[in-house]
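K.L.:
below is the structure, and that's it, no one-letter string:
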Ligand code: SAM
């Protein structure tokens with residue numbers, strides 16, 4: 001349960017140095033940059049592994065609630081780092097165990113993130129379980145808080161009902177605007193997201209449909 005989860009009381013209390021040791025300023029003993037890309041419910045980590053070389057200068061964090069899955073991703077990243085010949089190979093990705101529906105503002109400052117991914121989130125089919133979905137109006141306000149203006153929320157799912165749910169909630173939120181299919185077709189993260197994750201690969205093998213929707217974080221409207 002959440003009681004066993006370790007989370008900082010504020011982003012300033014978070015020690016990132018263990019997660020990204022190659023990005024530490026040796027004098028200040030601090031990271032030289034902040035995490036700007038988050039994969040929420042990262043599962044087995046496939047998305048981060050493909051994003052890593054595509055964004056070598058960005059720090060990427062996966063958040064995953066299941067202990068064993070998080071441990072697996074940690075081991076996977078250690079192995080990738082060890083076996084990689086390039087000096088900084090896979091040093092810019094890591095995973096944290098956490099409940100993203102509760103503690104995001106404990107980890108990230110306001111406007112810290114540039115991209116948030118929701119890849120194949122749990123569908124929670126039953127009506128009474130809809131409130132457990134990772135996209136709800138309340139949670140969208142939290143995502144808007146940690147995302148900077150112009151930042152992007154990426155969503156992909158094979159469940160049409162969940163896709164429609166995410167689109168309706170995001171379109172209904174004053175701080176998000178849907179991006180066009182044209183935009184999607186030119187964005188490298190969209191193509192990575194379609195094929196990189198373990199769920200995405202499974203859907204591909206089963207020749208299932210994948211529904212994508214991306215949203216830009218709008219500025220807070222001025223009150224006149
Ligand atoms: N994104 C991965 C992919 O596409 O392969 C995994 C998809 S899997 C269907 C959904 C994942 O979200 C599971 O690994 C689950 O444990 C995780 N998850 C569910 N609720 C979560 C929460 N509140 N915080 C963090 N992770 C969560």
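P.N.:
Nice, thanks for sending it over. Since this is a predicted model, take the numbers as computed values, not measurements.

K.L.:
for the residue nearest the centre of the chain, grab phi and psi.
P.N.:
Closest residue to the average C-alpha location of the chain: residue 39 at 1.9 Å, with CA atoms, centre = their mean. Backbone dihedrals for residue 39, given as degrees, to the nearest 10, come out at phi -110, psi 110.

K.L.:
report the beta-bridge partners for it.
P.N.:
Note on residue 39: beta-bridge partners by DSSP bridges are residue 62, residue 117.

K.L.:
just checking, it touches residue 48?
P.N.:
Yes - at 5.7 Å, residue 39 and residue 48 qualify as touching, with contact defined as CB atoms under 8 Å. C-beta: built from backbone N, CA, C; applies to glycine.

K.L.:
any common contacting residues for those two?
P.N.:
Between them, residue 39 and residue 48 share these contacting residues under CB atoms under 8 Å, 6 or more residues apart in numbering: 60, 62.

K.L.:
near the ligand, which residues of the chain show up?
P.N.:
Within the chain, the positions near the ligand by CB under 6 Å from any ligand atom are 41-43, 63-66, 69, 99-101, 119-122, 197-200.

K.L.:
looking at these, which are in helices?
P.N.:
Taking DSSP state H as the definition of helices, these contribute 69, 100, 101, 198, 199, 200.

K.L.:
the bottom helix or strand of the chain by mean pLDDT?
P.N.:
Across the helices and strands of the chain, mean pLDDT, DSSP states H and E gives its lowest value to strand 30-31, namely a mean of 88.

K.L.:
picking that back up, dump the ones in helices among the residues of the chain next to the ligand to CSV, plus neighbour count and pLDDT.
P.N.:
Formatted as CSV, these follow (neighbours: other CB atoms under 10 Å; pLDDT from 0 to 100):
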residue, neighbour count, pLDDT
69, 18, 98
100, 23, 92
101, 18, 92
198, 15, 97
199, 20, 97
200, 23, 97
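
K.L.:
adding distance to residue 22, write those out as CSV.
P.N.:
Supplementary listing: these in CSV, determined by distance: CB to CB, whole Å:
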residue, distance to residue 22
69, 24
100, 25
101, 30
198, 26
199, 29
200, 28
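
K.L.:
from these, which two are the most distant?
P.N.:
Spatial extent of these (CB to CB) is set by the pair 101 and 200 at 21.9 Å.

K.L.:
got the buried residues for the top strand by length along the chain?
P.N.:
The longest strand of the chain (DSSP state E) is strand 147-157. For strand 147-157, the neighbour count (16 or more other CB atoms under 10 Å) marks 147, 148, 151, 152, 153, 154, 155, 156, 157 as buried.

K.L.:
tell me the bridge partners for the last one.
P.N.:
Spelled out, that is residue 157. Listed by DSSP bridges, the beta-bridge partners for residue 157 are residue 211.

K.L.:
cool, and the fourth one?
P.N.:
When bridges are assigned using DSSP bridges, the partners listed for residue 152 are residue 115, residue 216.

K.L.:
wait, it touches residue 115, no?
P.N.:
Yes - contact between residue 152 and residue 115 holds when scored by CB under 8 Å: they sit 5.1 Å apart.

K.L.:
now the common contact residues for these two.
P.N.:
residue 189.

K.L.:
just to revisit the earlier point, ok, and what's touching the least confident helix or strand of the chain?
P.N.:
Contacts for strand 30-31 (CB under 8 Å, 6+ apart): 16, 17, 20, 23, 24, 25, 59.

K.L.:
now with 10 Å, please.
P.N.:
Contact with strand 30-31 is made by 14, 15, 16, 17, 19, 20, 21, 22, 23, 24, 25, 59, as judged by CB atoms under 10 Å, 6 or more residues apart in numbering.
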